[in-house]
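**Student:** attaching a predicted model along with its sequence, questions to come.
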There are 4 protein chains.
Amino acid sequence: MNPVLAELHEKARAALDPVHYDFYAGGVGDEVVLAANEAAFRRLALLPRVLRGKQVRADFPVLISPTAFHKLAHPDGELATARALAGTVLVSSMASTVPIADIVEAATGPVWFQLYMQPDFEVTEALVRRAEQAGCAALVITVDSPVFGRHRRDVEHGFHDLPAGLAAENMRNLPGFPGLRKIEMSAFTWENIEHLRELTSLPVWLKGILHPADARLAVGHGVAGIFVSNHGGRQLDLVPAAVDALPAVVDAVAGRLPVVLDGGVRSGGDIALAVAQGASAVGIGRPVLWGLAADGEAGVRRVLDVLRDEFEHVLAMCGGELSRDMVVARC
Amino acid sequence: MNPVLAELHEKARAALDPVHYDFYAGGVGDEVVLAANEAAFRRLALLPRVLRGKQVRADFPVLISPTAFHKLAHPDGELATARALAGTVLVSSMASTVPIADIVEAATGPVWFQLYMQPDFEVTEALVRRAEQAGCAALVITVDSPVFGRHRRDVEHGFHDLPAGLAAENMRNLPGFPGLRKIEMSAFTWENIEHLRELTSLPVWLKGILHPADARLAVGHGVAGIFVSNHGGRQLDLVPAAVDALPAVVDAVAGRLPVVLDGGVRSGGDIALAVAQGASAVGIGRPVLWGLAADGEAGVRRVLDVLRDEFEHVLAMCGGELSRDMVVARC
Amino acid sequence: MNPVLAELHEKARAALDPVHYDFYAGGVGDEVVLAANEAAFRRLALLPRVLRGKQVRADFPVLISPTAFHKLAHPDGELATARALAGTVLVSSMASTVPIADIVEAATGPVWFQLYMQPDFEVTEALVRRAEQAGCAALVITVDSPVFGRHRRDVEHGFHDLPAGLAAENMRNLPGFPGLRKIEMSAFTWENIEHLRELTSLPVWLKGILHPADARLAVGHGVAGIFVSNHGGRQLDLVPAAVDALPAVVDAVAGRLPVVLDGGVRSGGDIALAVAQGASAVGIGRPVLWGLAADGEAGVRRVLDVLRDEFEHVLAMCGGELSRDMVVARC
Amino acid sequence: MNPVLAELHEKARAALDPVHYDFYAGGVGDEVVLAANEAAFRRLALLPRVLRGKQVRADFPVLISPTAFHKLAHPDGELATARALAGTVLVSSMASTVPIADIVEAATGPVWFQLYMQPDFEVTEALVRRAEQAGCAALVITVDSPVFGRHRRDVEHGFHDLPAGLAAENMRNLPGFPGLRKIEMSAFTWENIEHLRELTSLPVWLKGILHPADARLAVGHGVAGIFVSNHGGRQLDLVPAAVDALPAVVDAVAGRLPVVLDGGVRSGGDIALAVAQGASAVGIGRPVLWGLAADGEAGVRRVLDVLRDEFEHVLAMCGGELSRDMVVARC
């Protein structure tokens, strides 16, 4: 791993309450998937192209994946994250400890709003309106969480509630919402997604697709794009590594939708491997939290700078091009 | 592993005479298959389906696999196990330390009778009649044991006989049976199975099928169903992990018979992986003994509760559906 | 490993001069192939057949592979080995420390004569005549040794010569032979094999075939059978495990010749895996030396008894049958 | 590994300033590729052919791969290396600490000149003329280095400059060249290669091809040959092991160009594995530096002697033949 990221990770671990560190770092069950997400990249290799001259590629195909409760990591919370964007998209968690309107206001790049649909549709609708009014550019519906994942580290620590003074700020004063503390999970259907699309003119993305058949359904239901994601190894400790699920989904989508890869990305090389396999972009989760906990806004910026620099370096090495024929299995 | 199961396992290990613990825990030979049964599940992954709403699935596809001599584990023996069923099928071992009639009487769910066919057919017939009269709902013929597996742990401990006061109670006073202590093994044929089927109106299952050709023969000989099983790694230390043998057998049977997977199941996720690959149900062996040794009836119930809860949780995560296209190799 | 074999191995290690132990135990180069020969069996599994009744299979498909200098292991040398056969074939090494005539006289089973063809054809011819006159039933020409393998253990120990009093007895008083100590290696051709066949009415086997094209050539040149062998990992540390090379050779031969598998066989299960893949028999090398060094004739008999008993046990477990469809990869 | 090479490696490690040892030994990033280059050979096996008689093969298919700054390793620098050739080709690094003319004069075999094309074409042209005038027999253009690889060991040591008195001697007094210390990297095109070919009558090789499409382009652009190479694991820590990239490139080239394999070759067996897979020759990098640092000219000669002897030994074992059908995966 890049020494700067490793150092930020260590600083974050030292700075955080171990209970909160484990809340971020942990996964579901035996954490098989948590480890697999990173390990899967190590089994892929790239064949660079040569003698292509200087290929210019302006974009940095990275989004900040939604993670909850940034004030656990740093007093500035999601404001620090939002200020560090420098053009990158922030997918802001519904469970932010700063209201979405304040996040968008502070942001130095586009903000998308991550949403768990709520059993009471009025609550969902109110959240969508808040996102719209805040100026979010898209909705990202997490669809891999009909029930909560079971995090043994949190159970061992007895971590159930946010510390005094912190709350899921987007959930305040919602019509019919049972309370601030808990986001409710429930199982929804494609009809609910269509209903949601009718409700708003914002593009609707789905996050948490792993099965190619669901990717095809997403195309058919007019969503704007999908995230191939296993929720950072936090939902079901039986699923494949995110990047291992990517190629079949890319094939199923066949270019009809953008596909974001989320899970285990820790380097510019990982970004390149995902993009070469057809991802439009990748989502970064825990490394952003390392930067945030270690050094607030500056730390998040550092993480993004390292990843951008590494990605551009890999791209230069590869002749400015990333395509599926360049990916081979590392034996 | 689920912490509750791990704790029950540890309590069982502490409670049991090490000789008896090893009798239960051990396998044949170098215990390659014993370890492989569990490890094979770790190489499989599931692709959940999303947005399918709340799918209700009432059944809990679990049977208690036959294991011998429950009074070694707990003074209540098979009675404790039978009282903990709560609807699950108990496949009661021929080598029970409580007579089958008493087990069925105590049972809170259906009881099937596991049977090693005996060299003297009169003995076999008498055992079938005992099972019928006790009210068993099916016979499960173990066919993977023409000879005894060689258990090094038992040899090292010099474990040959049950402690004073315990006996294979179903074997008492059988016509022509040589004695209480030893169940005899012998090699039988499909004709013997047909003969047995003529003898009784109970459904006849076969346990210990690994080769798809034998699964096809089972269909042709009118058995009620089969258990893909390697006897918990206790018969031949050369065979594949049970779950690795499952897909070819499911293909060979092609839906004409129910297939139960027995071997290495330790979690609701393992149950889901077997069911997704076409198993109608799974058999649970050692974990039931952990519960029994740790806490008698309550312990067995605890084990079943944990597995049911985990399975339902996985099922909810997967959109209520489990099918072969959801199973992928974990690289 | 079978505890009896493991104990004999340990007794042999304790009894032998470490220099001589390493001469037997060592392999060429980094000993990659030496380890691979045994490990390859661990990646194979068998699917037993059930309900086939008692299948009788009288033969024990095992030969004793040629190993040199048995007097290094035990004062009785090859005489002890030969007395322990009980029907098994002994492939006696050209480099025996007892003359072949005495070995055949002591033998309790057939003796075949292993031969390195010598640069001077007169020497080869004289050796063949000695084997014929001794009453050997076949010749086994080792063809994998155009040059000597380099054994680092021997180099480190400075082991070049037999102790005083020991000699390669079959090499005494040969016409034009340069001396007793060293067997010469040289590269021969299929024409040399044909010449040899014309010289003798004994069946001529070839030992050390790994490439299927050579197996086909062996068929075309009228040899009696072949040994798939990598010389126990002692010739070239680049070759596959012997059992991994077996299937392609069996396919190439297509039943036109018997194929013996030699290398890494340490149990009855290994024998079964080789036979199921088409080997007519297996050769046993080092385990015979363990028995010999540990306890002379009785030790060798013990090794053969253990393997025969294990093989018969596996065979009974498998329904008396071993065929290619029963072999699957252990994942 | 061959004990002589291992000993030379240890002597080199002891003799060198740890900073310089790490400069030679290190790779890019996490050094995944560095380790993979050697490990990949361990997953390949050879099936020898037998009874082919003595096959004579005169050539030793080895080149010395370009490595920089030999005076860091030994006061005689590249002169020592050049004197040790005994017929082998030396691909002399542009970044040599002895001028190319002096190297060629000292050389006991052909010298080829390795070249990084420079942003200022005048500089490149001047370097080509120096190579021509020195008597080099070919140019080898390194095409895998549009940017520098990032070597953490060098960063940790703060190793940026050559010690006083050492310089990249070929870079002195070049028209418009910014200075002695740094070789510049830049991204070039196939047109630049064609331009270079027009500039000189020397054969132009390309070094650093991994993608088969680039190998096909190389054929189309009339280069003399290519090196399949990942720069010894020093450029991009995402690429496959060099030998794993070889077969697809050999297939793409289809005999129209010679292909040299460079990366991870540490033994005669490795040479044989590369040649059997279609390499015309292999390049040796670090082992030459071990010999040089350990014992100057004599050390380099020792390394080449060991490899030649091992290769000839393997070749004799294989019946003098190496072909693709002899290569199998080691499971």
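**Tutor:** Nice, I can see it. Numbers count the residues shown, from 1 in each chain, chains lettered A, B, ... in the order given.

**Student:** state the pLDDT value of the residue nearest the centre of chain A.
**Tutor:** Centrality entry for chain A: nearest residue to the mean C-alpha point is residue A:65, 2.1 Å, by C-alpha atoms, centre = their mean. According to the per-residue confidence, residue A:65 scores 98 in pLDDT.

**Student:** that one against residue A:91, yeah?
**Tutor:** Yes - between residue A:65 and residue A:91 a contact is recorded at 5.8 Å, counting by C-beta atoms under 8 Å. C-beta here means a position set from N, CA and C on the backbone, and glycine is covered the same way.

**Student:** what is in contact with the two at once?
**Tutor:** Residues within reach of residue A:65 and of residue A:91 at once, by C-beta atoms under 8 Å, 6 or more residues apart in numbering or on different chains, are residue A:283.

**Student:** hmm, back to that, how about the nearest residue to the residue nearest to the centre of chain A, chain neighbours excluded?
**Tutor:** Nearest in space to residue A:65, with sequence neighbours left out and distances taken as C-beta to C-beta, 6 or more residues apart in numbering or on different chains, is residue A:283 at 3.4 Å.

**Student:** kindly report the same for residue A:136.
**Tutor:** residue A:113 (4.2 Å).

**Student:** any idea how far that neighbour is from residue B:51?
**Tutor:** Plainly put, residue A:113 is 19 Å away from residue B:51 if you go by C-beta to C-beta, to the nearest Å.

**Student:** ditto for residue A:165
**Tutor:** 36 Å.

**Student:** looking at these two, which is more packed in?
**Tutor:** When neighbours are counted by other C-beta atoms under 10 Å in any protein chain shown, residue B:51 comes out ahead of the other of residue A:165 and residue B:51, with 24 against 7.

**Student:** hmm, back to that, following element in sequence after whichever strand or helix holds the residue nearest to residue A:136, please.
**Tutor:** The secondary structure element spanning residue A:113 is strand A:111-115 (assigned by DSSP states H and E). Going down the chain from strand A:111-115, the next helix or strand is helix A:121-134, by DSSP H and E.

**Student:** now for that next one, which elements pack on it?
**Tutor:** In terms of contacts (3 or more C-beta pairs under 8 Å, 6 or more residues apart in numbering or on different chains; DSSP states H and E), helix A:121-134 is packed against helix A:100-106, strand A:111-115, helix A:190-199.

**Student:** if you compare the ones you listed, which one is most tucked away?
**Tutor:** Mean neighbour counts were compared across the helices and strands packed on helix A:121-134 using mean count of other C-beta atoms under 10 Å in any protein chain shown; the top stretch is strand A:111-115, at a mean of 25.

**Student:** quick check: angle from it to helix A:121-134?
**Tutor:** Going by axes from the mean of the first three to the mean of the last three C-alpha atoms, to 10 degrees, strand A:111-115 is angled at 170 degrees with respect to helix A:121-134.

**Student:** end to end, how far does stretch A:25-41 reach?
**Tutor:** Counting by C-alpha to C-alpha, to the nearest Å, you get 19 Å between the two ends of stretch A:25-41.

**Student:** distance from the chain centre to the longest helix seen in chain A, please.
**Tutor:** With DSSP state H applied, the helix covering the greatest number of residues in chain A is identified as helix A:286-317. Remark: helix A:286-317 is offset 15 Å from the chain centroid, using C-alpha atoms, centre = their mean, to the nearest Å.

**Student:** then the strand or helix carrying residue A:213 to PDB, C-alphas only?
**Tutor:** Remark: residue A:213 resides in helix A:212-220, with elements defined by DSSP H and E. Below are the C-alpha coordinates for helix A:212-220, written out as PDB (Å, rounded to 0.1, in the frame of the first residue of the first chain):
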ATOM      1  CA  PRO A 212     -26.100  -9.700 -13.500                       C
ATOM      2  CA  ALA A 213     -29.800 -10.300 -13.700                       C
ATOM      3  CA  ASP A 214     -30.400  -7.400 -11.400                       C
ATOM      4  CA  ALA A 215     -28.200  -5.300 -13.600                       C
ATOM      5  CA  ARG A 216     -30.300  -6.100 -16.600                       C
ATOM      6  CA  LEU A 217     -33.400  -5.200 -14.500                       C
ATOM      7  CA  ALA A 218     -31.800  -1.900 -13.600                       C
ATOM      8  CA  VAL A 219     -31.400  -1.100 -17.300                       C
ATOM      9  CA  GLY A 220     -35.100  -2.000 -17.900                       C
END
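
**Student:** give the rounded mean pLDDT of that helix.
**Tutor:** Computed over helix A:212-220, the mean pLDDT rounds to 98.

**Student:** who touches it?
**Tutor:** Helix A:212-220 is contacted by residues A:190, A:206, A:209, A:226, A:248-249, A:251-253, A:256-257, A:259, B:47, B:49-51, B:325 when judged by C-beta under 8 Å, 6+ apart.

**Student:** so where do the helices sit in the stretch 151-300 of chain A?
**Tutor:** Assigned helices in the stretch 151-300 of chain A, in chain order: A:152-157, A:190-199, A:212-220, A:242-253, A:268-276, A:286-317 (criterion: DSSP state H, counting those that start in this stretch).

**Student:** ok, which of these comes nearest residue C:117?
**Tutor:** In terms of C-beta to C-beta, the element of the helices of the stretch 151-300 of chain A nearest to residue C:117 is helix A:242-253, at 54.0 Å.

**Student:** residues of the closest one that come out buried?
**Tutor:** Buried residues in helix A:242-253, counting neighbours by 16 or more other C-beta atoms under 10 Å in any protein chain shown, are found at A:242-250, A:252-253.

**Student:** and stretch A:252-260, does that touch chain B?
**Tutor:** No - Stretch A:252-260 lies apart from chain B when judged by C-beta under 8 Å from any C-beta of the partner chain; the minimum separation is 11.4 Å.

**Student:** buried ones in that stretch, by neighbour count?
**Tutor:** For stretch A:252-260, burial by neighbour count (16+ other C-beta under 10 Å) applies to A:252-253, A:257-260.

**Student:** please apply the same query to stretch A:51-60.
**Tutor:** Judged by neighbour count (16+ other C-beta under 10 Å), stretch A:51-60 contains these buried residues: A:51-52, A:60.

**Student:** now do stretch A:218-238
**Tutor:** Within stretch A:218-238, the residues scored as buried using 16+ other C-beta under 10 Å are A:218-219, A:223-238.

**Student:** so residue A:141 lies in a helix, does it not?
**Tutor:** No - membership of residue A:141 in a helix is not supported by DSSP: H, G, I helix; E, B strand; the rest coil, which gives strand.

**Student:** mind listing what it touches?
**Tutor:** Here residue A:141 is in contact with A:114-117, A:193, A:196, A:204-207 (C-beta under 8 Å, 6+ apart).

**Student:** how about those residues in TSV, adding distance to chain D and pLDDT?
**Tutor:** As requested, the contacts of residue A:141 are arranged in TSV below (distance: C-beta to the nearest C-beta, whole Å; pLDDT from 0 to 100):
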residue	distance to chain D	pLDDT
A:114	30	98
A:115	35	97
A:116	36	96
A:117	39	95
A:193	37	97
A:196	39	96
A:204	34	98
A:205	28	98
A:206	30	98
A:207	27	98
